[in-house]
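1. using only what follows, build the 3D model:
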Amino acid sequence: MAQTPIKIIVVGAGPAGLLLGILLSKQGISVTLIDGADGLDNRPRATHYGPPAVHELHRAGVAEDVLAAGFTPNKMCWRKLDGTYLTGLDNDVIKNNPDRVACLPLDQLGHILAKHLARQPTAEVKWAHKVTGLGQDDGKAWVAVSTPAGDVRMEADYIVGCDGANSQIRRSLHGDLNFPGKTWEQQIVATNVYYPGFDAHGYEDANFIIHPEHWHMASRITKDGMWRVSYGEKGGFTHDELRARQPMKFAKMLPGNPQPEEYKLANFSPYRVHQRLAEKMRVGRFLLAADAAHLCNPFGGLGLTGGIVDVGGLSDCLYGIWSGQAGPEILDVYDTVRRAKYTDMIDPISSENLERMTHDADTILEPGRDAFLTLCLRAEKDVEFAKTMALGINELQYDFTQHYTSKK
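-> Numbering: from 1, shown residues only. The predicted structure is shown next:
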């Protein structure tokens, strides 16, 4: 089939938008990324990429650089507040799988992706370009954009919103307050910290501590010894109150009960967490992906991994249209499938991950209390079953090329 020249605009030059730009431009598709910021986001944010996300990084040709800058974590486990080990999953059972879990702070991924995108002759990034409105007709879509040189209108065949949780594209399509779902009552405080006590007390690469009040996650996130500690707080505290409580929380939570002089706090970021899904991920010539389309709490990395898998699937759909192997209706399949993956997998599993951490650790391994941890206990004795569990997240994937109506 003949190629159908198309132009894509991606709103949002964060990791999701950059990755989509790479996947499309490497096929020769013309892509313009626009972002209201002045440059890349340097906040560390998320860190872990599950196997289906690593698969997409390989497809984009960036996985080698990601693994060189980051690392492949081994075991994740669940513990009591006093550090007592309960059960865990060892990613080393899939050590020969090229798509095994990878770890790298998201800001570092963004810089790697930007370098790769800059090598593509059919891609460009325009910073300080803020979307103020949008529209479409039978032949094209457009965004009104405020730029340092004045207001402009930018047109394309398709426009993709990869502009994050506060997506202007989603709000313009569905309404400012229309993002169905819920906000968790608890607040999350994400910190980056250097503390040798984790290694001294035998902590694994990822540790989920179960406790009704002091529940938290402690994960190694860099090669030089930085750890991410994310913990829960009751709603209602101000930023300053949360900051004042941090030394007390660390003394209660971390192994060895350290005082501030025993660790180096590199980052402190309180935020609210949400479970939300846009009504549609396709509205005519506009598409949504990653955080612009759906949100979940961070425990388990399903939000980041799910967003990257969105991008990979959408790139296949748009490539199918560009190459003449699919019609625009494949974008309806994208909308249906990706929303179902959120509803059936990302939302319930990520919700269970958070709720599990607030339980009573003394009783959680009793028969019938927690089905997932019961499976983890089985996996510790059955290597083949452990492999199955480690790769279960691949259910997030979907092959959109099966909907191509013809082959090149």
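
2. where in the stretch 1-150 of the chain is pLDDT low?
-> 1-4, 44 (pLDDT under 70).

3. please enumerate the strands of it.
-> 7-11, 30-34, 48-49, 75-80, 85-90, 102-103, 123-126, 130-136, 141-147, 150-156 (DSSP state E, counting those that start in this stretch).

4. all the strands of the stretch 251-400 of the chain, residue numbers only.
-> Under DSSP E, counting those that start in this stretch, the stretch 251-400 of the chain gives strands at 264-277, 282-283, 286-288, 294-295.

5. partners of the longest one in the sheet?
-> Right, the one you point to is strand 264-277. Sheet partners assigned to strand 264-277 using DSSP bridges are listed as strand 181-194 (antiparallel), strand 294-295 (antiparallel).

6. so who does the most centrally placed residue in the chain touch?
-> Compute the mean C-alpha point of the chain, and by CA atoms, centre = their mean the closest residue is Leu304, 0.9 Å away. Each residue near Leu304 by CB atoms under 8 Å, 6 or more residues apart in numbering is listed here: 46, 48-49, 53, 106. No exception for glycine: its C-beta is placed from N, CA and C like everyone else's.

7. what is the nearest of those to Thr405?
-> The shortest gap between Thr405 and any of the contacts of Leu304 belongs to Ala53, at 28.5 Å (CB to CB).

8. wait, that closest one touches Val309, no?
-> Yes: here Ala53 reaches Val309: they are 6.4 Å apart, a contact under CB atoms under 8 Å.

9. of all the strands of the stretch 251-400 of the chain, which one is nearest Leu354?
-> Here strand 264-277 is closest among the strands of the stretch 251-400 of the chain (CB to CB), at 7.7 Å.

10. and that closest one, which residues are buried?
-> Buried residues in strand 264-277, defined by neighbour count with 16 or more other CB atoms under 10 Å: 265, 270, 273-277.

11. what's the answer for stretch 25-40, then?
-> Buried residues in stretch 25-40, defined by neighbour count with 16+ other CB under 10 Å: 25-27, 29-36, 40.

12. repeat that for stretch 68-87.
-> 69-71, 73-74, 76-79, 81, 86-87.

13. count of residues packed around the nearest residue to Arg285 once chain neighbours are set aside?
-> Leaving aside its chain neighbours, Arg285 sits nearest to Ala141 (3.7 Å; criterion: CB to CB, 6 or more residues apart in numbering). Neighbour count for Ala141, taken as other CB atoms under 10 Å: 23.

14. could you do Lys7 as well?
-> For Lys7, using other CB under 10 Å, the count is 18.

15. now for the closest residue in space to it that isn't next to it in sequence: which residues touch it?
-> Distance criterion CB to CB, 6+ apart; nearest residue to Lys7, sequence neighbours excluded, is Ala156 at 4.4 Å. Contact partners of Ala156, counting by CB under 8 Å, 6+ apart, are 6-9, 32, 140-142, 285.

16. sorry, back to before: out of the strands of the stretch 1-150 of the chain, which is closest to Pro260?
-> strand 75-80 (23.0 Å).
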